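1. attaching a predicted model along with its sequence, questions to come.
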Amino acid sequence: MPAQLLIYENITALSKDKHANWSAEVGQDFSHARKLNALPMWVAEFLPVAREYPIVFNRTNDSVQPLILLGMRDKENLFLDDTNQWSGEYIPAFLRRYPFVFGRSQDGKTLTLCIDENYAGFNQEGKGERLFTDDGEITPYVKNVLQFLQNFEPEHTRTQAFCRKLDELDLFESHNAVWTSPSGEKTSLTGFLCINRKKLQELPPKVLSGMIGSGEMDLIYAHLFSLTNFKGIQKKLASVVSEN
């Protein structure tokens, strides 16, 4: 399961001194996500994601992170076609923000707009969108990126709080998913967490009522509903296996 930065290789603070003449040619090529079988997500995405992808959870050290599942096998994304176009209707926010990202200070209080300098779309030939104007100010394009990142910043805290609460209520249980090909070859995905329905039902009425009022129950139901999308993942995998 993935770490937070995944596709980012060379994160550098955006600087008018260094990137004054840089442009970003951003298209619909998602080849940089080719080897990702899961992506981090935020609670604001639960409802649109649940319509297409399984939502699972992953524990790293003492924290839990929700993930969008993209494939059953390691380093295989089943939502990219042969031309590296995204085949799903909803494109995860993690991919839409790339190649930009916020860098955090050690105390977590200061955010700095950063870029992945290794992104293939960056150039100094004026192709695509300029990052800075001739006067050294960030362009409207970068301002829109900054606004997008700022909009999702509160979701980071909200997501952490939601997962922490589920963990404190001891609602998670370990799950495995197994798919068997027509030839009998088994593919298994292990190490992810899901919410235990029985434990959820056994929560005190006061706790359940509070989670309904806060909207947390909607997120839980979205997660549970999304697990039916494992069938779609397995169909995609079956198609890939048959082609090979």
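-> Perfect, I can see it now.

2. which parts of this protein are helices?
-> 16-19, 46-50, 93-97, 140-168, 197-201, 205-214, 216-226, 230-243 (DSSP state H).

3. the fourth one - what's its average pLDDT?
-> Averaged over helix 140-168, pLDDT sits at 94.

4. got any ranges where the protein has weak pLDDT?
-> 1-5 (pLDDT under 70).

5. in space, what's closest to residue 216 - neighbours in sequence excluded?
-> residue 162 (6.2 Å; Cβ to Cβ, 6 or more residues apart in numbering). From N, CA and C alone the C-beta is placed, and that goes for glycine too.

6. follow-up on the earlier one: residue 29: which of the helices of the chain is closest?
-> For those, the distance to residue 29 is smallest for helix 93-97, at 11.1 Å, taking Cβ to Cβ.

7. okay, buried residues for the closest one please.
-> Residues of helix 93-97 classed as buried by neighbour count (16 or more other Cβ atoms under 10 Å): 93, 94, 95.

8. surely the last one meets residue 33?
-> It refers to residue 95. Yes - at 5.9 Å, residue 95 and residue 33 qualify as touching, with contact defined as Cβ atoms under 8 Å.

9. shared neighbours of the two, anything?
-> residue 39 (Cβ atoms under 8 Å, 6 or more residues apart in numbering).

10. which residues touch the closest residue to residue 126 other than its chain neighbours?
-> Nearest non-adjacent residue to residue 126, counting by Cβ to Cβ, 6+ apart: residue 23, 5.4 Å away. Residues in contact with residue 23 (Cβ under 8 Å, 6+ apart) are 122, 123, 124, 125, 126, 127, 128, 129, 130, 131.

11. can you do 7 Å?
-> Residues counted as contacts of residue 23 (Cβ atoms under 7 Å, 6 or more residues apart in numbering) are 123, 126, 127, 128, 129, 130, 131.

12. neighbour count and distance to residue 152 for those residues - can I get that in a markdown table?
-> Below are the contacts of residue 23 laid out as a markdown table (neighbours: other Cβ atoms under 10 Å; distance: Cβ to Cβ, whole Å):
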| residue | neighbour count | distance to residue 152 |
| --- | --- | --- |
| 123 | 14 | 27 |
| 126 | 11 | 29 |
| 127 | 12 | 27 |
| 128 | 16 | 23 |
| 129 | 17 | 20 |
| 130 | 19 | 24 |
| 131 | 22 | 20 |
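
13. quick check, nearest of those to residue 29?
-> For the contacts of residue 23, the nearest to residue 29 is residue 128 (12.2 Å; Cβ to Cβ).

14. how near is the closest residue to that closest one other than its chain neighbours to residue 129?
-> Leaving aside its sequence neighbours, residue 128 sits nearest to residue 25 (Cβ to Cβ, 6+ apart; 3.3 Å). Plainly put, residue 25 is 8 Å away from residue 129 if you go by Cβ to Cβ, to the nearest Å.

15. which non-adjacent residue is nearest residue 74?
-> Distances taken as Cβ to Cβ, 6+ apart put residue 37 closest to residue 74, at 6.2 Å, once the chain neighbours are dropped.

16. next: residue 117.
-> The nearest residue in space to residue 117 (Cβ to Cβ, 6+ apart) is residue 10, at 4.5 Å.

17. what's the burial count for the one you found?
-> Residues within reach of residue 10, counting by other Cβ atoms under 10 Å, total 11.

18. just residue 99 next, same as before
-> 22.

19. same check on the one 5 residues further on?
-> If you count neighbours by other Cβ under 10 Å, residue 104 ends up with 13.

20. and it, what does it touch?
-> residue 111.

21. so what's it bridging to?
-> residue 111 (DSSP bridges).

22. now do residue 233 against residue 110, distance only.
-> Counting by Cβ to Cβ - residue 233 and residue 110 are separated by 39 Å.
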